[in-house]
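[1] This is a predicted model, with the sequence first.
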Amino acid sequence: MATVAPAFETAPSTIVPRRVTSTIWLAVGVAVLGTAGTIAGPPFITDPGVFADGPEAVFAELTGGHIPSQVGAALLYATAVCLLLLRPRLVEMLRRAAPAAEELVDRIGTTLDVAVATVTIGAVFKSILTSGLPGAVDADFYTQVDVAVLFTVSGQLQYGVFVPLVATMALTAVLVFRHGGLPRWVGALSALLAFAVCAVTMALNLPWSAGLVTPVWMIAMAFTAWRGGRQELVVPDAR
C-alpha cells in the first residue's frame, strides 16, 4: 500500500528555545548588574589614616552626594530580581542535563533562593547608607558616626551577599563530576572558583571575594546554556 505523504512537514526550528534565551540573558544580567551595583556608590577610601582620624574624617570623604550610592542600590535590587527569575530556569537546565541528580539539583535551587535573599539584604543596606549621605531625603536623621559605620558595613556586605552562590558553584561541580550532563570544564571551573573563595575566606577573612568570582561563573553558565541550546537545534527530536 502506498504511503500517503503528509499535507505538510514541520521544518526544524532555527531559533534557540525561549527558556534557553532567557537563561542566557538573566545570567549575564546577574553578572553585569551585580558588578555595576557593587562598584556604584560612595568613593572607596584607600587611606588608612582617614579611618584612624575617626567618623568625622570618614564622613568628610563621602561628601560627593548620595546619587551614586542610590544607583548602586537600585542595580543590586535588579540583580536580586534577575536571580529570582534565573533560579527556575537554571534548575531546569541542570535537571535536563542530569535527570538522575534530582535531589542534588534541588539543593542547588535552595542555594539560589538564599542568594536572592542575601543580595536583597545587601541592596537594603546600601539604601540605608544612601539615606544618610549628603543630599539624601533622610540625611538630617543620621549622625556622622551612623554614616561611617554603614559605609564600612555596606562596603563589605555588598560583595559578601554573593557567598551563597559559592555553594551553588560547589554543588554544580559535584553534579558534573558525579552525574555528567554538562561539560567537564564547567565542573572544573565551578570547583576552582568555590575553592578559591573558601581558601581566601579561611586564610584572610575575605568573604567578599565571592562577589569577584560570581560574574565569571554566571558568564560561564550563560555560555553553557547557549551551547546547550544550539545543540538542541541539531539533535533530532526523539518524538
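    Happy to help now that I have it.

[2] Now tell me what touches the strand or helix carrying Tyr159 from outside.
    Counting by DSSP states H and E, the element that carries Tyr159 is helix 144-160. Residues from elsewhere that reach helix 144-160, judged by CB atoms under 8 Å, 6 or more residues apart in numbering: 37-38, 41-42, 44, 54-56, 58-59, 62, 72, 76, 118, 121-122, 125-126, 128-129, 132-133, 207-212. Just so you know, the C-beta spots here come from the backbone N, C-alpha and C atoms, and that holds for glycine as well.

[3] Now for the nearest residue to Gly181 once chain neighbours are set aside: which residues touch it?
    With CB to CB, 6 or more residues apart in numbering as the criterion, Gly181 has its nearest non-adjacent residue at 3.2 Å, and that residue is Ala97. Taking CB under 8 Å, 6+ apart, we find Ala97 in contact with Gly180, Gly181, Leu182, Gly228.

[4] Tell me the confidence at the third one?
    Among the per-residue scores, Leu182 holds a pLDDT of 89.

[5] so it touches Leu175, yeah?
    Yes - with contacts counted by CB atoms under 8 Å, Leu182 reaches Leu175, the gap being 7.4 Å.

[6] Mutual contacts of these two, please.
    What both Leu182 and Leu175 touch, as defined by CB under 8 Å, 6+ apart, is the set Leu94, Ala98.

[7] Can you show me the strands along this protein?
    With DSSP state E as the criterion, the chain has no strands.

[8] what ranges do the helices span in it?
    For the chain, helices defined by DSSP state H occupy the ranges 18-39, 48-52, 55-60, 67-97, 102-132, 144-160, 164-179, 184-204, 210-234.

[9] Remind me what the shortest one packs against, helices and strands.
    Under the contact criterion of 3 or more CB pairs under 8 Å, 6 or more residues apart in numbering; DSSP states H and E, helix 48-52 touches helix 55-60.

[10] Tell me which residue lies nearest the centroid of this protein.
    By CA atoms, centre = their mean, the chain has its centre lying nearest to Val30, at 4.5 Å.

[11] What distance do you get for that one to Ala225?
    In this view, Val30 and Ala225 are 13 Å apart by CB to CB, to the nearest Å.
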